[in-house]
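Engineer: Sharing a sequence plus its predicted fold:
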Amino acid sequence: MADVTYYGADWCTDCRRSKAFMTKNNVAFVENNVEESAELAAQAEQIAGRKNIPVIVFADGAHLVEPSDAALQTALAERGLI
């Protein structure tokens, strides 16, 4: 499993921001576009417990939903990913 799995959509401003933050900080992640598959959208909703995106899942099972850059940075740093 990847260290980070990202569920988002291209039209989503928060998704683009989180994706850009991870890319800028050289964080490797598996990208799942929820617009491309109802199954991926259902997975993201099941993980998050709601329909909000992005959903960012870590290898340890923890996840963030619509994180701020600061929250994402903290979570990545705690896991030694940045």
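Structural biologist: That came through, no problem.

Engineer: Could you list the low-confidence segments of the protein?
Structural biologist: Confidence mapping of the chain against pLDDT under 70 gives the ranges 1.

Engineer: isn't residue 59 right up against residue 30?
Structural biologist: No - using CB atoms under 8 Å, residue 59 makes no contact with residue 30, being 10.7 Å away. Every C-beta, even on glycine, is put in place using the N, C-alpha and C of the backbone.

Engineer: Quick check: neighbours shared by those two?
Structural biologist: Contact criterion CB atoms under 8 Å, 6 or more residues apart in numbering; residues shared by residue 59 and residue 30: 2, 4.

Engineer: For this structure, just list every one of the strands.
Structural biologist: For the chain, applying DSSP state E gives strands covering 4-8, 30-33, 55-58, 63-65.

Engineer: partner strands of the last one, parallel or antiparallel?
Structural biologist: Same thing as strand 63-65. strand 55-58 (antiparallel) (DSSP bridges).

Engineer: Need the winner for burial among the strands of the chain.
Structural biologist: Mean neighbours per residue, mean count of other CB atoms under 10 Å, is largest over these for strand 55-58, with a mean of 25.

Engineer: what does that strand contact?
Structural biologist: So strand 55-58 is contacted by 3-8, 18, 29, 44, 47-48, 63-65, 67, 72, 75, 79 (CB under 8 Å, 6+ apart).

Engineer: Let me know the outermost residue of the protein.
Structural biologist: Distance from the C-alpha centroid of the chain peaks at residue 38, with 17.1 Å (CA atoms, centre = their mean).

Engineer: Tell me how many other residues crowd the nearest residue to residue 14 once chain neighbours are set aside.
Structural biologist: Spatial nearest neighbour of residue 14, excluding adjacent residues (CB to CB, 6 or more residues apart in numbering): residue 66 at 5.3 Å. Residue 66 has 17 neighbours, counted by other CB atoms under 10 Å.

Engineer: What spatial separation is found between the residue farthest from the centre of the chain and residue 24?
Structural biologist: 31 Å (CB to CB, to the nearest Å).
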